[in-house]
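[1] Can you look at this prediction? I've put the sequence above it.
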There are 2 protein chains.
Amino acid sequence: MLNFKFDLPTQIFFGKDQLKNLVKAIQKEVVEPRILLAYGQGSIKKSGLYDQIINIFQQADFFYTELNGIEPNPKIESVREGATICQKHKINFILAVGGGSVLDCAKVISAATFYKADPWDFFCQKATITQALPLGVITTMAATSSETNNNAVLSNAHQKDKRSVHSPLIRPKFAICDPVYTYSVSKYQTASGAVDMMSHLFEQYFSSTYDSYLQDRMTESLLKTVIHFAPIALKEPQNYEARANLLYVNNLALNGLLSYGKIGDWACHQIEHAISAYNDMTHGVGLAIITPIWMKYVLTDQNCARFITLAKNVWEIEQGSLTDQEYALAGIAQTAAFFQKLGMPSSLSEVGLSKELLPKIASTSVLYGEIGNFYKLNQDDVLQILTTAF
Amino acid sequence: MLNFKFDLPTQIFFGKDQLKNLVKAIQKEVVEPRILLAYGQGSIKKSGLYDQIINIFQQADFFYTELNGIEPNPKIESVREGATICQKHKINFILAVGGGSVLDCAKVISAATFYKADPWDFFCQKATITQALPLGVITTMAATSSETNNNAVLSNAHQKDKRSVHSPLIRPKFAICDPVYTYSVSKYQTASGAVDMMSHLFEQYFSSTYDSYLQDRMTESLLKTVIHFAPIALKEPQNYEARANLLYVNNLALNGLLSYGKIGDWACHQIEHAISAYNDMTHGVGLAIITPIWMKYVLTDQNCARFITLAKNVWEIEQGSLTDQEYALAGIAQTAAFFQKLGMPSSLSEVGLSKELLPKIASTSVLYGEIGNFYKLNQDDVLQILTTAF
């Protein structure tokens, strides 16, 4: 186990009717709140959540202004717009309501408000985040785990690039997580979210640090929870236990708990980011296509043990007369089959990507050097994975 | 899943050589530290840790004074002594170095410093903790999980009573957890610590809340980690991975992570506290004796499912032709056998308890009413369990 600092500062108000904690949670951060309310494309208006929040703000006599229309795969333009609003209205607190796209966008706005130049600088190592507004979030989807972590992913449509930034300063102070808010998430987005969570878990599970017994067993327990409840949530969107378990997995999947003391891989994420810079597909869809192919590509005799624990502990496959390689491949096949069972596509051609883009995507993936830690991939490796995935 | 507030504020510096973070961690809490250094019966002097800490204090020019000699099953007298020192020397920070006894004692000192009357009041519902000094800890043993939680257990030798107190105000601000510090823990204490951790996990696992899939799977992953590494640590006391995994389990076993959204049982702990008020046995020893007998006593057809997951997921026993009751009992038998494999006694007579005390212990156990949530126990139930355990 490697050394680590365990630090999970985000408070989570989890369960039904947790909106009652909103006023106090904001007041803990700022005495006289001037709030930017950031949200997406209107689903919170349909659900009534927007009205509830505005009512709470008005009752508490909080100043607020809005940034709405934040898109899936959020663009750096939304950050620029949000930061300008914050500066203009002397905003001292951001409340982001939505899924990972809204949350990630709000995280970067919180930092961009204090940054004089262009916020894309944070994403291409030209600047470091040194200050950020306090941020609270209300989660409406289980997918990216953005509500409890230091990360944000944004796209730069102009540069055909999608990148991530990390800073403890942009971690939300609190998250209100009511599983009922996720009842209205569509089947497609529920499935994509489940794949996204599983991919985060895989990226941590497939580690070059083999001495991480506890972390590995915990990661398996989260994987098993998604595998158990995602099909239930698809069948019964208003099943509270299914939504609650998926949402609690989301809280824990990427906050550090499972990665402390080990090094993750993250190659699939980097490839998927490169793909979706060219094609506005849902993140989970790209990951569902790439992940099983990546698994097969990187499997060797040396790292086979890791795939065997996947087959045995997560998928509960018995080895029987299978060789170790066959056993590992059975776990990978089961992973692919599960993604298909959730209704995910299994090839890039299915989602309308042009084959001619593959070399460009491969090149974008390795822009800053080889990717992955469990298994290092160069541009040729990525191109082979993409070609197989087509 | 029940509603919960997720709040894990203790920062953990985990791994080798983490003492380098001590000065900054203290300075984050107080500008001009005036420190009470609280420790036990001298093992930190033997190991050299004491000298390292004093050297750090002197280099940083921190004022400090000491409370030493805190005993296992710490007494309320030590709290009174510590609080008097804190008041006299205008202490503004406590650093506790040791196992659960030292940490628990320091937690109560942190609150007692601000309390005008007798601190035992906190333990018998006469007073609530409203203020406490900030506390940092250096853990030298994996057992009680005291370094990351809100709880403290103390004995009142005069009243033959051992009770717990809970307050977020006494949760440590930071914990330095270096697995190397636990190398010198004796076999007996390593085994007792493993049982203590497993008991904490069982108390949360045996819950009247059945809708807690994720929490249950995570709890199983921690149980499996203790089961895997405790025998290794006994055989190879300086095995870093074994000590690190046990210590990280300790950090997570009782900080809220596994109990959020469900209600634990805690009857075994209440019985063991009553026993050790009369007999100064190590906490884990009492729990090793009581827990399997409690399991058998409370097993019914209605709650059998919980015991079956223990047999299946934790002990990896196959059901084969066993009935559900037989399967449940196989898991319980395996639990008892594991405790014995660790070298724990399996009866109260073995540890020299007088049989005449059993009615008194039963009566003390239920002083504030029936105990347990998974299965409610009255005085007769407790006496039957104690008699079986004799």
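    Done, it's in.

[2] what about stretch A:196-203, near chain B?
    No: Stretch A:196-203 lies out of reach of chain B by Cβ under 8 Å from any Cβ of the partner chain, never closer than 11.7 Å. C-beta coordinates here come from the backbone N, C-alpha and C atoms, glycine included.

[3] quick check: domain ranges of chain A?
    A:11-182, A:187-389 (automatic domain parsing).

[4] What sits closest to residue A:381 if chain neighbours are left out?
    Once flanking residues are discounted, residue A:381 sits nearest to residue A:297: 7.1 Å by Cβ to Cβ, 6 or more residues apart in numbering or on different chains.

[5] Dump the domains of chain A into CSV; add mean neighbour count and mean pLDDT as well.
    Conversion of the domains of chain A to CSV gives the following (neighbours: other Cβ atoms under 10 Å in any protein chain shown; pLDDT from 0 to 100):
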stretch, mean neighbour count, mean pLDDT
domain A:11-182, 20, 95
domain A:187-389, 20, 96
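
[6] do you know which of those lies nearest residue B:348?
    Residue B:348 lies closest to domain A:187-389 among those, at 32.7 Å (Cβ to Cβ).

[7] gap between the two ends of the closest one?
    24 Å (Cα to Cα, to the nearest Å).

[8] residue boundaries of the strands in chain A?
    Using DSSP state E, the strands found in chain A span residues A:4-14, A:34-39, A:63-67, A:93-98, A:135-139, A:151-156, A:161-166, A:174-177.

[9] so which of those strands comes closest to chain B?
    Among the strands of chain A, the nearest to chain B by Cβ to the nearest Cβ is strand A:4-14 (3.6 Å).

[10] What lies in contact with that closest one?
    A:21, A:25, A:147-148, A:168, A:171-178, A:244, A:247-248, A:251, A:255-257, A:260-261, B:3-15, B:21, B:251, B:260-261 (Cβ atoms under 8 Å, 6 or more residues apart in numbering or on different chains).

[11] and it, which strands flank it?
    Sheet pairing for strand A:4-14, assigned by DSSP bridges, gives strand A:174-177 (parallel), strand B:4-14 (antiparallel).

[12] and of those strands, who's closest to residue A:272?
    When the strands paired with strand A:4-14 are compared (using Cβ to Cβ), the closest one is strand A:174-177, at 24.3 Å.

[13] Distance from the chain centre to that closest one, please.
    16 Å (Cα atoms, centre = their mean, to the nearest Å).

[14] got it, and stretch A:283-297?
    With Cα atoms, centre = their mean, you get 15 Å for stretch A:283-297.

[15] Chain neighbours aside, what residue packs nearest to residue A:109?
    residue A:82 (3.6 Å).

[16] List the contacts of the residue of chain A most remote from its centre.
    Here chain A reaches farthest from its C-alpha mean at residue A:321, the gap being 38.0 Å by Cα atoms, centre = their mean. Contacts for residue A:321 (Cβ under 8 Å, 6+ apart) come out as none.

[17] Roughly how far does it sit from chain B?
    18 Å (Cβ to the nearest Cβ, to the nearest Å).

[18] Kindly report the same for residue A:361.
    Using Cβ to the nearest Cβ, residue A:361 is found at 35 Å from chain B.

[19] just residue A:170 next, same as before
    18 Å.

[20] That residue contacts residue A:108, correct?
    Yes: taking Cβ atoms under 8 Å as the definition, residue A:170 is a contact partner of residue A:108 at 7.1 Å.

[21] which neighbours do these two share?
    With Cβ under 8 Å, 6+ apart, residue A:170 and residue A:108 have common neighbours residue A:152.
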